[in-house]
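Visitor: A structural model of the following input is requested.
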Amino acid sequence: MINSLPIFPQFRLVVLEDKDVFHSFTSKFPPYSDFNFTSLWSYNTKNDIQISNLNNNLVMLFRDYITDEPFYTFIGDNNLKDTLETLFKDASIKNILKELRLVPEHNFLHSNINPVLFDVIEDPDNYDYILSIGEISELTGNKYQTQRNHVSRSVREHPHLNIRLLDANDQSIKESIIELFYFWEKQKNKSRIDTITELTAIHRLLKDSDYFELVVIGIFDGNNLVGFTISDAVDTEYAMLSFAKGNQNYFGIYQMLFKQTAMEFKKRGLKYINIEQDLGIPGLKFSKQQWNPVHYLKKFVIKSE
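Guide: Down below sits the predicted model:
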């Protein structure tokens, strides 16, 4: 699979059939969300992410989630000094941002990069939050008291709610997910400009749902979908939660969704769930931190001295 990629500095666009290509590069690393194929395919909303092979490392020409600036990133731990020097040189020639972003910490665990040559800067806004599936499925202990109370109150106030594992390939389910997204958008008083990237990402994923092994948890009030999560099992230990939306007229809806999603993955023997980064957005940071991450997948910005 590695040989199917062009050799740097040649690139090609990401295609749906690249799922196994990504796995061949990323399988020895924890599941960083930016290199998770399901997440990447969803958020490649402009169909312009490009990939290449440099020293048997997977290089991507990516766009910043907030500013839309193009930049290089990569995953891999092969011949790092040459890889970094080559990427910076090429970025300079092509007038691409002269810093690498979203670079996984695991690229460097077994290598010493000369600090005189490169400035390696921690990027906590893009750390992936890793939760314990065992803990979230049970919500025991003092640190989960708030979440546990929210779930208990929700059950008391809405005993008629029905929680189900959904078929992502069912057209009626897809339509219900989009309908709930629109309702959530209005409920949060968000403009379409604010939500278009996430909405497009969900549309992309649902359109190609038969290509992925998605785990969709839905909460229903009668026939009305009032909450959902969309996740996938990355490997035998990790799941990736990419989307979660709930009708906030139902107190504790998100706590119920997270608990039920964790319970589903616990049944499958998984240990951790990656809920991706907060991008430095205060509200998102607060909502993710409340789930008591057991650790983070750290990422770095690298600049050439």
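Visitor: contacts and neighbour counts: CA atoms only from here.
Guide: Fine.
Visitor: mind listing the helices for the chain?
Guide: Using DSSP state H, the helices of the chain run over residues 19-26, 37-43, 80-93, 133-138, 145-157, 171-187, 192-207, 253-267, 282-289.
Visitor: okay, now the domains of this protein?
Guide: Domain assignment for the chain, taken from automatic domain parsing, gives 2-127, 128-276.
Visitor: which parts of the helix or strand of the chain with the lowest mean pLDDT are buried?
Guide: The least trusted helix or strand in the chain, going by mean pLDDT, DSSP states H and E, turns out to be strand 118-122, with a mean of 92. Neighbour counts over strand 118-122 (16 or more other CA atoms under 10 Å) mark 119-120, 122 as buried.
Visitor: swap in stretch 78-94?
Guide: Under 16+ other CA under 10 Å, the buried positions of stretch 78-94 are 80, 83-84, 87-88, 90-91.
Visitor: Pick the one among those residues closest to R148.
Guide: Closest approach between those and R148, by CA to CA: L80, at 45.6 Å.
Visitor: Quick check: V234 vs N36, distance?
Guide: Using CA to CA, to the nearest Å, V234 is found at 8 Å from N36.
Visitor: Quick check: V151 touching Q255?
Guide: Yes - if you go by CA atoms under 8 Å, V151 and Q255 touch, sitting 6.0 Å apart.
Visitor: what about the nearest residue to L40 once chain neighbours are set aside, neighbour count?
Guide: Residue nearest to L40 in three dimensions, not counting chain neighbours: D34, with 6.1 Å by CA to CA, 6 or more residues apart in numbering. Using other CA atoms under 10 Å, D34 is surrounded by 22 other residues.
Visitor: Repeat that for the one 3 residues further on.
Guide: In terms of burial, F37 registers 23 neighbours under the definition other CA under 10 Å.
Visitor: gap between it and Q255?
Guide: Taken as CA to CA, the span from F37 to Q255 is 27 Å.
Visitor: now F220
Guide: F220 is 15 Å from Q255, by CA to CA.
Visitor: more crowded one of the two?
Guide: The residue with more neighbours, out of F220 and Q255, is Q255; 22 against 15, by other CA under 10 Å.
Visitor: The more buried one against Q147, yeah?
Guide: Yes - using CA under 8 Å as the test, Q255 is close enough to Q147 to be in contact (5.8 Å).
Visitor: any idea how far the nearest residue to Q50 once chain neighbours are set aside is from K46?
Guide: Leaving aside its chain neighbours, Q50 sits nearest to L13 (4.3 Å; criterion: CA to CA, 6+ apart). Distance, L13 to K46, by CA to CA: 11 Å.
Visitor: same check, this time on H295
Guide: H295 is 32 Å from K46, where distance means CA to CA.
Visitor: Could you give the number of residues near the nearest residue to H110 once chain neighbours are set aside?
Guide: Ranked by CA to CA, 6+ apart and with sequence neighbours excluded, the top spatial neighbour of H110 is D77, at 7.9 Å. Applying other CA under 10 Å, we find 20 residues neighbouring D77.
Visitor: was I right about D77 contacting E105?
Guide: No - D77 lies out of contact with E105 (CA under 8 Å); the separation is 10.0 Å.
Visitor: circling back to that earlier point, tabulate the helices of the chain (JSON lines), appending distance to F71 and mean pLDDT.
Guide: Shown next, in JSON lines, are the helices of the chain (distance: least, CA to CA, whole Å; pLDDT from 0 to 100):
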{"stretch": "helix 19-26", "distance to F71": "19", "mean pLDDT": "96"}
{"stretch": "helix 37-43", "distance to F71": "15", "mean pLDDT": "97"}
{"stretch": "helix 80-93", "distance to F71": "8", "mean pLDDT": "95"}
{"stretch": "helix 133-138", "distance to F71": "33", "mean pLDDT": "98"}
{"stretch": "helix 145-157", "distance to F71": "38", "mean pLDDT": "97"}
{"stretch": "helix 171-187", "distance to F71": "30", "mean pLDDT": "98"}
{"stretch": "helix 192-207", "distance to F71": "19", "mean pLDDT": "96"}
{"stretch": "helix 253-267", "distance to F71": "33", "mean pLDDT": "98"}
{"stretch": "helix 282-289", "distance to F71": "24", "mean pLDDT": "95"}
